[in-house]
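[1] next one to model:
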Amino acid sequence: MKPPKAVFVCQACGAQAPKWMGRCGECGAWNSLVEERAVETPAGTAGNNRYAQLGAAGSAKLYAEVDIANAARLSTGIDEFDRVLGGGIVPGSLVLLGGEPGIGKSTLLLQAAAHFAREVGPVLYASGEESEHQIKSRGDRLGVGEAPLYLLSETCIERILEEIARLKPALVVIDSVQTVFSIKFQSAPGSIGQVREAATQFLFAAKGQNIPTILVGHVTKDGSLAGPKVLEHVVDTVLYFEGERHHAHRVVRAVKNRFGAVSELGVFEMTGEGLRAVPNPSKLFLSERALGTPGSAVLCCVEGSRPLLVEVQALVSTCTYGNARRMAIGIDPNRVALLLAVLEKRAGLSLAGDDVYVNIAGGMSIEEPAADLSVVAAVASSVRNRSLSASTAVFGEVGLSGEIRGIPQAAPRVREAAQMGFERVVMPAANVDGLHTAGCELVGVRTVGEALDRLVT
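    Here you go, the predicted model:
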């Protein structure tokens, strides 16, 4: 019998090479090639191939004849988690949850698994990072109680699949995909070959046995999911667990979802008894807002299908060392630099010799262009040292020529502002037509100059 064939796989991009090289020829990463050996399947054993599990699906079915009665969503017992998943977890789906170390991934999944076990059926929680005693001690703190929740401290994929076949659980949680390994490969757990094999094996188990499976994924220094990109392509849903260590709230954001809206958002609060869902995030983010302070504006933003109100803060101070600083937290710094240039050119504000700091209060990250007008208003308020009205909210996109462009989903933004007690909303004039909200004045603006006249007087 000839020895297994060896290939060298780049741990950065997944490229393969027949021999070791100091630098990957595809992505240019240094010292990233790692040797991997796979056990070849003998000829004539195609029927036992591990990738043939889904091959017996039968003949093709007509679209109208497909029955989805057994595909009803299953609740995890946590409303915010169900919202991000699109209304609950779909049977047979494969979900990937990634986040920084210590952010609360295991805590959230243990809470969800306990409720799922009590309400739906048995759950298998397989951990390659903790022992059963460690998981149990955390479960006692979270108040898991009596539930058909099976704990398995195992890192071998084949043994985990054997337990899945034996228990036939209603839900499987793997914590984490970077710690498990297959005996078919000699590379270390977490390598590209092992992660790709683990994702494929759990995909076949989930689809073949119609068992929803949740994988926990590690992230790299830049915040992206560790491992090959195929990991995100294979799974049905990709969730990111975000939050600052010094803030009590956490955010779960969907970046891929085959069964729901992308960019959906779920907000949680970390307490001594675990994660608690926050049904009204706007109230949480505005709870500590200082009224009557220059440099503060309230933004009506939308994350997925949920409108949120957050505070945008700006501080403009005289530059001391000659080179003006531009710093932004929670928003794209390049976008802030663009808006400052528009303010100088179109609104006549002199900012070249000033340090400008912009922050989204509460640790939120805003990416949509509707935040432009709130940044402009906060900076102008700080420059002129005049506060905005505490009952005014703003949103709108700012163009390079100083125009205020319309943005989508204006109605839910205005509705959320009115529900939170705001009496005035400054918004693009293109979005005012057809909107009527009782008790809330809608002010349409077309240029940056007009907006500042209405906001900062």
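[2] next, the buried residues of the lowest-mean-pLDDT helix or strand in the chain.
    Counting by mean pLDDT, DSSP states H and E, the chain has its least confident helix or strand at strand 33-37, which shows a mean of 78. By 16 or more other Cβ atoms under 10 Å, the buried positions in strand 33-37 come out as 33-34, 36. Heads up, the C-betas are built off the backbone N, CA and C, glycines and all.
[3] dump the residues you listed to CSV, plus distance to residue 323.
    Converted to CSV, the buried residues of strand 33-37 look like this (distance: Cβ to Cβ, whole Å):
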residue, distance to residue 323
33, 42
34, 44
36, 49
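[4] host element of residue 67?
    Using DSSP states H and E, residue 67 sits within no helix or strand.
[5] low pLDDT regions in the stretch 1-150 of the chain?
    Where the stretch 1-150 of the chain drops to pLDDT under 70, the residues are 1-4, 37-58, 68-71.
[6] let's go with 90 and repeat that
    1-61, 63-73, 101-103, 143-147 (pLDDT under 90).
[7] break down it into its helices, ranges please.
    79-85, 105-119, 132-142 (DSSP state H, counting those that start in this stretch).
[8] domain-wise, how is the chain divided?
    Domain assignment of the chain by automatic domain parsing yields the ranges 1-39, 71-279, 284-455.
[9] same question for the longest strand along the chain, mean pLDDT?
    Identified as the longest strand of the chain according to DSSP state E is strand 306-318. Averaged across strand 306-318, the pLDDT comes to 94.
[10] show me what the next helix or strand after that strand is packed against.
    Using DSSP H and E, the helix or strand that follows strand 306-318 in sequence is strand 326-329. Applying 3 or more Cβ pairs under 8 Å, 6 or more residues apart in numbering; DSSP states H and E, we find strand 326-329 packed against helix 333-346, strand 354-360.
[11] can you list the ones you listed in CSV and add mean pLDDT?
    Output for the helices and strands packed on strand 326-329, formatted as CSV (pLDDT from 0 to 100):
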stretch, mean pLDDT
helix 333-346, 95
strand 354-360, 95
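[12] looking at these, which is buried most?
    strand 354-360 (a mean of 21; mean count of other Cβ atoms under 10 Å).
[13] and the angle from it to helix 333-346?
    130 degrees (axes from the mean of the first three to the mean of the last three Cα atoms, to 10 degrees).
[14] tell me the angle strand 354-360 makes with strand 306-318.
    Angle, strand 354-360 to strand 306-318, by the same axes, to 10 degrees: 160 degrees.
[15] quick one: average pLDDT of the helix or strand following strand 354-360?
    For strand 354-360, the succeeding helix or strand toward the C-terminus, using DSSP H and E, is helix 372-384. For helix 372-384, mean pLDDT is 96.
[16] which residues are contacting helix 372-384?
    294-299, 312-316, 331, 335-336, 339-340, 342-343, 347, 349, 351, 354, 356, 358, 387-388, 394-398, 404, 426-427, 448, 451-452, 455-456 (Cβ atoms under 8 Å, 6 or more residues apart in numbering).
[17] chain center to that helix: distance?
    Taking Cα atoms, centre = their mean, to the nearest Å, one finds helix 372-384 lying 28 Å from the centre of the chain it belongs to.
[18] note down every partner strand of the least confident helix or strand of the chain and its orientation.
    strand 6-10 (antiparallel) (DSSP bridges).
[19] neighbouring contacts of the partner strand?
    15-21, 24, 26-27, 29, 32-38, 187, 191-193.
[20] repeat that for stretch 420-436.
    282-283, 286, 298, 300, 309, 373, 377, 389, 391-397, 404-407, 410-411, 413-414, 417, 439-446, 451, 454-455.
[21] now do that stretch: distance from first to last residue.
    16 Å (Cα to Cα, to the nearest Å).
[22] tell me where the stretch 201-350 of the chain has strands.
    213-217, 237-242, 249-257, 265-271, 274-277, 296-303, 306-318, 326-329 (DSSP state E, counting those that start in this stretch).
[23] wait, isn't residue 213 in contact with residue 204?
    No - taking contacts as Cβ atoms under 8 Å, residue 213 lies outside contact range of residue 204: 10.5 Å.
[24] just checking, which of the contacts of stretch 420-436 belong to helices?
    282-283, 373, 377, 410-411, 413-414, 417, 451, 454-455 (DSSP state H).
[25] compare residue 213 and residue 204 (neighbour count), which wins?
    A direct count of neighbours by other Cβ atoms under 10 Å for residue 213 and residue 204 places residue 213 higher, at 26 against 17.
[26] mean confidence for the lengthiest helix in the chain?
    In the chain, with assignment by DSSP H, the single longest helix is helix 192-209. The average pLDDT for helix 192-209 rounds to 91.
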